[in-house]
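Student: Show me the folded form of this:
(2 chains)
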Protein chains: 2
Amino acid sequence: MSGEDIVTAAVLVIGDEILSGRTRDCNINYIAAHFTRVGIRLQEVRIVADDEAAIVEAVDALRARYTYVITTGGIGPTHDDITADAIAKAMGVSIDHDPRAVALLDAYFAKRGVEPTPARMRMARIPHGAELVANAVSIAPGFMIGNVIVLAGVPDVMQVMLDDVTPRLRTGSRMITATIKLLRAEGDVADLFASHQQKFPDVAMGSYPTFAEGRVSTQLVLRSTDSAMLEIARASLEGELIARGLLKI
Amino acid sequence: MSGEDIVTAAVLVIGDEILSGRTRDCNINYIAAHFTRVGIRLQEVRIVADDEAAIVEAVDALRARYTYVITTGGIGPTHDDITADAIAKAMGVSIDHDPRAVALLDAYFAKRGVEPTPARMRMARIPHGAELVANAVSIAPGFMIGNVIVLAGVPDVMQVMLDDVTPRLRTGSRMITATIKLLRAEGDVADLFASHQQKFPDVAMGSYPTFAEGRVSTQLVLRSTDSAMLEIARASLEGELIARGLLKI
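Tutor: Model prediction:
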């Protein structure tokens, strides 16, 4: 639609453990729902291994195309945590221990009597020119450089970092959703639904079947940033479904 | 390692509902674990919208790079199901109602007294030259064309299709995994673990922290296709951890 303020994003999940099936990602869905709520459109997700070349290539492709790129994973203290260095390489900047991050970690470790080993202090390595992203759970920060936002992979930590960085992000018009649930198969409504989509080209319409306990059901989902238009499209679809006996009042 | 037989794959998830956060994908983890078991290495995942240009671009990028590309989603009867047409476009072949798929659907609908509407028969549209992939749950088939395998998005259906197609896939050497669980933070073992990785460059080593119920724990995961080498690397790491008091016997 013309005049709409559209802000887009991609998520890049970094981690061998997701690709091997050892770990089930739950950050993608969390970030997707969060962005929908605040008015940012998630348009692409990639998952790559803990491999510098793969990370650099994906970051470069995504940051050129979307308003923001969020990465998750690979910023811990162990040798397989290579995200910060890969992002510095992708952005063409140097990386070193950042005095702000060093101060945060020094204070945190001192208070807890934990030794600031070289491995632990690796978590203070931040690309030159980045802003820090606060981590209220375990202190070691994420960061934002250009339009790339680098968050932890551990879900609790990722979530507090996302809360910290969200107020700094530009947001656009919010997608609003209307859902009609039918106790019918998709095939029963597909022709009607397709012609309804043609009547309302600016409302995105999708159909999602479920098979549960031997029963088939279908959710028809309508999405738009224009709440008045969405309500007209929803009410008119509901009317047609009722008229044809596909939906009970 | 030289002489190893490596078979690679990518997964392409197609669906607005995943990107909006409405639906939580569970196919990625299922396929990842399945491929690890049979000896196929999942190296990349992408999630894109129900958008022809986005699907074509992703399929083209992935099929050139990996042995196999598995797509999930977008092969139902409704107007938002555009995967089959997008794959035909990417592969440069025509698409039409496939007589084998038409026969399957005709018999299935006749037996159940369901009308074979144009929308339902859209599910028989298969790119020219593709092999069918059987769907024991709801009959409408997936397909395989070149190195691209097109499966349903509904998890139950995706899983039976994956079982049907797996015997047709080339598989390579299997990754074996050894895990050591420590009641310590990652930072306590990071330096030792990094030097252990240097001693065994052919064994992939990753560290995965967990924070649960106020306790920190870490899993050290070692992976290799060589079971003898893996056992030496595991036993030697365990020995060092015990010697330094980081692991109890």
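Student: Tell me how chain A divides into domains.
Tutor: Chain A breaks down into these domains under automatic domain parsing: A:8-168, A:176-243.
Student: which of those domains is buried the deepest?
Tutor: Comparing the domains of chain A by mean neighbour count (mean count of other CB atoms under 10 Å in any protein chain shown), domain A:8-168 comes out on top with a mean of 20. C-beta here means a position set from N, CA and C on the backbone, and glycine is covered the same way.
Student: quick check: mean pLDDT across that one?
Tutor: Averaged across domain A:8-168, the pLDDT comes to 97.
Student: hang on, the earlier thing: residue B:215: which of the domains of chain A is closest?
Tutor: Closest to residue B:215 of the domains of chain A is domain A:8-168 (CB to CB; 13.1 Å).
Student: Any idea how far that closest one is from the middle of the chain?
Tutor: 13 Å (CA atoms, centre = their mean, to the nearest Å).
Student: same deal with stretch A:155-169?
Tutor: 11 Å.
Student: Just the C-alphas of that stretch, formatted as CSV.
Tutor: These are the backbone C-alpha positions of stretch A:155-169, laid out as CSV (Å, rounded to 0.1, in the frame of the first residue of the first chain):
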residue,chain,number,x,y,z
PRO,A,155,16.7,-17.8,25.2
ASP,A,156,16.4,-16.0,28.6
VAL,A,157,19.4,-13.8,27.7
MET,A,158,18.2,-13.2,24.1
GLN,A,159,14.9,-12.0,25.5
VAL,A,160,16.3,-9.4,27.9
MET,A,161,18.6,-8.2,25.2
LEU,A,162,15.7,-7.9,22.7
ASP,A,163,13.8,-5.8,25.3
ASP,A,164,16.9,-3.6,25.7
VAL,A,165,17.4,-2.9,22.1
THR,A,166,13.8,-2.6,20.9
PRO,A,167,13.3,1.1,22.0
ARG,A,168,16.3,2.0,19.7
LEU,A,169,14.7,0.5,16.6
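Student: Could you find the closest non-adjacent residue to the most centrally placed residue in chain A?
Tutor: For chain A, the residue nearest the mean C-alpha position is residue A:31 (3.4 Å; CA atoms, centre = their mean). Leaving aside its chain neighbours, residue A:31 sits nearest to residue A:11 (5.5 Å; criterion: CB to CB, 6 or more residues apart in numbering or on different chains).
Student: My guess is the one you found contacts residue A:70. True?
Tutor: Yes - at 5.0 Å, residue A:11 counts as touching residue A:70 under the criterion of CB atoms under 8 Å.
Student: How is residue A:100 assigned, secondary-structure-wise?
Tutor: Of the three states, residue A:100 takes helix under DSSP: H, G, I helix; E, B strand; the rest coil.
Student: partners of the nearest residue to it once chain neighbours are set aside in the sheet?
Tutor: Using CB to CB, 6+ apart and skipping the chain neighbours, the partner closest in space to residue A:100 is residue A:132 (5.8 Å). Legend: beta-bridge partners of residue A:132 under DSSP bridges are residue A:143.
Student: and the longest helix that chain A contains, C-alpha only, in CSV?
Tutor: For chain A, the longest helix by residue count, based on DSSP state H, is helix A:227-243. The C-alpha trace of helix A:227-243 is given here as CSV (Å, rounded to 0.1, in the frame of the first residue of the first chain):
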residue,chain,number,x,y,z
SER,A,227,-8.1,-2.0,10.6
ALA,A,228,-11.2,-0.7,8.9
MET,A,229,-10.4,-2.5,5.7
LEU,A,230,-9.6,-5.7,7.6
GLU,A,231,-12.9,-5.6,9.4
ILE,A,232,-14.8,-5.2,6.1
ALA,A,233,-12.9,-8.1,4.6
ARG,A,234,-13.5,-10.3,7.7
ALA,A,235,-17.2,-9.5,8.0
SER,A,236,-17.8,-10.0,4.3
LEU,A,237,-15.9,-13.4,4.3
GLU,A,238,-17.8,-14.5,7.4
GLY,A,239,-21.1,-13.6,5.7
GLU,A,240,-20.3,-15.6,2.6
LEU,A,241,-19.2,-18.6,4.7
ILE,A,242,-22.4,-18.5,6.7
ALA,A,243,-24.6,-18.1,3.5
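Student: Having no further points to raise, I will conclude here.
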